[in-house]
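Participant: just to be clear, the model below is a prediction. Sequence and coordinates:
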Amino acid sequence: MPFHPPNEAEIRSCREQAKRHQQAAQRSGRAQVQAELPRGQREVFQLKIVLEDSKPPIWRRLLIPANLRLPDLHGVIQLAMGWNNEHLYHFMVGTRSKGLRFYGDPDLLDIDLMQEAEGKFINDLNVPIDHLLVNRKDWIRYEYDFGDGWLHRLTLEDILVQPLQLARIPRCVTGQRACPPEDIGGVFGYGRALEIVANPAHPEHQEMLAWIGPFDPNRFDLEAVNADLSEAFTDKPQAPNQEEAKPEAPEQS
């Protein structure tokens, strides 16, 4: 059959359907439980993030606000893992046999409107993580850099209740091993790079050393990660407006 571009009514209908999917995704799956919390208390998710197929495993354990929005969770993962935020990302829920859905920025990823209308791709702008992770052991995937294809498995290990001031700042509890260098070629390329660096007789040894520089695959600096998270997610006091800060001139008598 010949292709007929959608008319204005069909485009409007698709946009309305996409909007409904997005609005539904903004609802917390734990709203009833959270409504019964004592005043000043908030839920905190304990997440374990594992870089899939990394051997030995590269992982982090985090405490994050249960209502953290996905774009902010993306930022947390970047800082906790040690990525440089140089590439695109999306979150993945389900499987191909059980309704795989993607969450991300449709403009950056050039997503077809029909995918949004069908609920296969949802704008993650206002989606809280507690819409996707509701119960302990729930898990989703996060993919960073579609070229290298770094897949991370995010598992909800525990649900805690903490005072608001403590709960609102993401923190890393522990973790192991360094984040791979950017653009190294995914898990396979990273493994190959480590083999080359460890073998001074390899013909590419010096070239690889020059590219990745001094690199310790076992290094993980918990203090530095938490300093970065605190810097990124702590509200900064606003400097007073200079015009407002000027003292008023005395009235002339």
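Facilitator: Yes, it's here. Residues are numbered from 1 along each chain as shown.

Participant: find the nearest non-adjacent residue to the residue most central in space within the chain, please.
Facilitator: Residue closest to the average C-alpha location in the chain (Cα atoms, centre = their mean): residue 74, at 1.7 Å. Excluding its sequence neighbours, the residue lying closest to residue 74 (Cβ to Cβ, 6 or more residues apart in numbering) is residue 89, at 5.5 Å. For glycine as for every other residue, the C-beta is placed from the backbone atoms N, C-alpha and C.

Participant: and if you look at residue 119?
Facilitator: With sequence-adjacent residues excluded and distances taken as Cβ to Cβ, 6+ apart, residue 119 is closest to residue 21, at 4.5 Å.

Participant: picking up where we left off before, surely the residue nearest to the centre of the chain is in contact with residue 87?
Facilitator: No. The pair formed by residue 74 and residue 87 falls short of the contact definition of Cβ atoms under 8 Å, at 11.2 Å.

Participant: report all helices and strands that whichever strand or helix holds the residue nearest to the centre of the chain contacts.
Facilitator: If you go by DSSP states H and E, residue 74 is part of helix 70-81. Packed against helix 70-81, as judged by 3 or more Cβ pairs under 8 Å, 6 or more residues apart in numbering; DSSP states H and E, are the following elements: strand 41-51, strand 59-65, strand 89-93, strand 139-144, strand 150-163, helix 222-233.

Participant: please report how far the residue nearest to residue 74 lies from residue 62.
Facilitator: Plainly put, residue 89 is 16 Å away from residue 62 if you go by Cβ to Cβ, to the nearest Å.

Participant: roughly how far does residue 74 sit from residue 62?
Facilitator: 13 Å.

Participant: now do the contacts for residue 81.
Facilitator: Residue 81 makes contacts with 49, 51, 58, 60, 152, 179, as judged by Cβ atoms under 8 Å, 6 or more residues apart in numbering.
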